[in-house]
Every structure is written in C-alpha cells, then in structure tokens.
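**Student:** make a model of this:
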Amino acid sequence: MAIHPPLLVQTASTSSHPHWQEIRTQGVHPHRRSSHSAVAWNRHLLIYGGQDLREGLVPGLWMCTINEEVSGEEVWEEWGIKSDGPPQLTRHSAVLYQDRMYLFGGTDNSLESQRVYVLDLASRQWTCKGPEGPQLPPGVDSHSAVVHSGKMIVYGGFIGGSRSSRAFCLDLQTLHWREIDAIGELPTPRASHTAVVNADCMYVFGGSGEDGSKLDDLWKMDLLAWKWERLYLRGECPEGRSGHSACCFGNYMVVFGGVRELTKETNEMWALCFDSLEWTLLQEERKIEDPVSAAQLEEYKRGKPSKTHSPQTAPVKKHSESPTSPSPRPQPHFHLYEGPPSPLVGRIIGRAPYPRDGHSAVIVNDKMLVFGGDRYQMPFNDLYAYSLSESSLRRTSKAK
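**Tutor:** Now for the predicted structure:
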C-alpha cells in the first residue's frame, strides 16, 4: 500500500477541542493495549507491555519520536528485548531517571512481580534486580511509582491479591529497597490510582477502593518528613475514578480519562492547581465523531477493495477483584466509532480522544501525549497530543 502524504485536517470540532491533535503515524504500530507503562525520554515516547483484555498479554517495547517541526514524520519503532529483559507484564510501573528506564512490579496474569528491570536507553542494555529477601519488596501490581531525589517511591496496588496502602522506596543508585514507615493518617488501600510529585510532595488521587468503589480523594505525602495528609478541597471536584492518568505540568496536575463505574469510561480532563488546591474542569465528557470526511476516505480508498463490518453486541468490560485472575476469553465486539477508521497519516487538529481507561499519559515539551487504553474491552493503539501552557491553565482557572 502506498504511503500517502501527511494530512492536516481542520475539523468541525476544532473550536471545541482547540488544544488536541490526533497523531496518525506511518508504518508499523504497537498492538492495541491497556494497562501498559510509558515514559518520556527527550523527544521520545516509550511504552512497554500491557494487555488486550480479550487476547491476553501484549509483548514489546516501542518508541515513537515526536517531531514538532514536520507534521506526519512520527514513526513507531519496536525495540528488541533479549533474554535478560523483562517478561510480558501488565499493570506494572515505569519511571525515568538519568537516561534509564526502571520497570517494576506488574503481573503476568498469574503472579505479581517483585523484580526491577533497568534499561539503559543509550546502550539499550537491560539489567535485573531481584527482591532483597522474600518480602522486600513484595510482588505488586496496579500501583503507582514516582521519582524524587534519586529515589523511586512505590505506593499502593494489589499485594497478594488485596489492595494495599503500603509504600516502598528504591534508591536508584544502589538499587536498595526499604519500606516507608510513614506518619500521619494513612490513605485507604487502593489500586489503579495515580501519583505525581510537586515541590517535595507526592500527590495521590483516586483509584479503586477495597469494595471496588471509585475513590475521589486526594492525598499528599511529604517526601522529606514521610508524612501523609488528606487534602479537603472546596468547589467543583472530579468524581471518583480509576485507571485514569495524571501528569505534572508546572504548578498543575492534569488528570485525564478513567472509569467511573462499570462500562462508564470518560474523556473528561481536570487540572489541580497546587498553590490554591482548586480543581478546574478543562474538558467535559464528549462524544467524539470520526474526523475524516467520507469524501476524503473515498479518495484514499480508490482502487482498494472495501471492507464491511457487521455490528455485534458490545461485550461488558469486567474488572475482577484481583487483576491476577486469568485473562477473559475472547468475546465478540463491535466497532465503537462512527464510520470506519481512516488510514490517513498526519495531525488531525481539534481531534480529542475517545473515553477510555488504562491508557498512559506523559509530558514531552509542552505536550501531554496520551496513548492506548480501552473501552468496553475494546483496546486502542491511538496517539494524541494536548498542548499545555501554565498561562492557559491559569486563565481557565480564573474563568470558573
């Protein structure tokens, strides 16, 4: 199939989503997936692992280089993983520190991992660090991990199939673990939450509670005193959710997506100002139309055989109490979108993501890149960029 020139489509919804662009890349793409990990390295997005809820674990480490100067030049590249690299994992974490990516925990849908896999991004060489004794750290998945002062802080997740509120610290120079004996009121146990670092503090938001309910609470851990504090906020706040993403940009935490209850994924976006501790709704939940017109698609498809899709009943996305249970058997599914997917490449301006959870989001320069996730067991491998600036976030906050 011939590669067509990059396309910039100005859609009717541009005014509704002026900061979003969908990035449609050329060449091969990563398999559709959710519950993977992602880090930003220079101008690169790297993703690892994850799963397709209908087909099981998804292999592979992939890198996409973001080209801000020439639209349509983004291309995915798969990195080979040798025998000393990590196995297939999902619900693990990844952080970046000094040109190294640190993968920790996760599950192969049978056992929760205790190992740390370190990838030197310059040499593409892996090393592995096992647990220090049988309990430090325990196997964990659906946790959070952040970096602060040369240390990786791991919090919450499933340990032994039960949600936890324990926290651990890994010195990234010595690879020595210790459990954090924090003071103050402890958060309730949770999994599939988010955590970010701002000004020597870790902020934990949401997640799935012990009874499976979706949490909407916000907690702060002072990373110098190892002290927890629950933050009680006034004004409009996001509803409880899990499987969402959170990124730190300047003095703001930007939260996107997640699932609020069974089969109720969202594409809402919120921003929390760390100074005022106030939430601002950046984007209401929206139904997203296919942005490529029928005329454009027909022009592209000339000379190609057409394909038809027979709609079938949508499967229900089921979240078990423990994510270590075997993957569900494949079920019939239908295409969620209006119109067929477009093979055109380039940036589609004003195009916002579909509702989803289990996706990843990282910051590259002034862009938040959102990749993958799923909805109703329908996984994605799409890539979006949201343009951020502290001035626009401040204006939006003041306009409330």
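**Student:** C-alpha only now, for contacts and for neighbours.
**Tutor:** Will do.
**Student:** got the phi and psi for residue 269?
**Tutor:** phi -140, psi 130 (degrees, to the nearest 10).
**Student:** separation between it and residue 34?
**Tutor:** 19 Å (C-alpha to C-alpha, to the nearest Å).
**Student:** these two: who's more crowded?
**Tutor:** Shown here are residue 269 and residue 34; by other C-alpha atoms under 10 Å, residue 34 has more neighbours (31 against 20).
**Student:** not counting sequence-adjacent ones, nearest residue to the more buried one?
**Tutor:** Closest residue in space to residue 34, ignoring its immediate chain neighbours: residue 373 at 4.1 Å, by C-alpha to C-alpha, 6 or more residues apart in numbering.
**Student:** quick check, that neighbour in contact with residue 360.
**Tutor:** Yes. The criterion here is C-alpha atoms under 8 Å, and residue 373 meets it with residue 360 at 7.1 Å.
**Student:** average model confidence for stretch 353-372?
**Tutor:** Per-region confidence: stretch 353-372 scores 96 on mean pLDDT.
**Student:** ranges for the strands of the stretch 251-400 of the chain?
**Tutor:** Using DSSP state E, counting those that start in this stretch, the strands of the stretch 251-400 of the chain run over 252-256, 269-273, 278-283, 346-349, 360-364, 367-371, 374-375, 378-379, 383-387.
**Student:** so is residue 185 in a helix, a strand, or just coil?
**Tutor:** Of the three states, residue 185 takes coil under DSSP: H, G, I helix; E, B strand; the rest coil.
**Student:** residues contacting the residue nearest to residue 255 when sequence neighbours are not counted?
**Tutor:** Among residues not flanking residue 255 along the chain, residue 246 sits closest, at 4.4 Å (C-alpha to C-alpha, 6+ apart). Residues in contact with residue 246 (C-alpha atoms under 8 Å, 6 or more residues apart in numbering) are 194, 195, 196, 253, 254, 255, 256, 361.
**Student:** got a ChimeraX select line for the buried ones in these?
**Tutor:** A single ChimeraX command selects the buried members of the contacts of residue 246 (16 or more other C-alpha atoms under 10 Å):
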select :194,195,196,253,254,255,256,361
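**Student:** distance check, the residue lying closest to residue 90 once chain neighbours are set aside against residue 224.
**Tutor:** Spatial nearest neighbour of residue 90, excluding adjacent residues (C-alpha to C-alpha, 6+ apart): residue 50 at 4.2 Å. Separation of residue 50 from residue 224 (C-alpha to C-alpha) stands at 33 Å.
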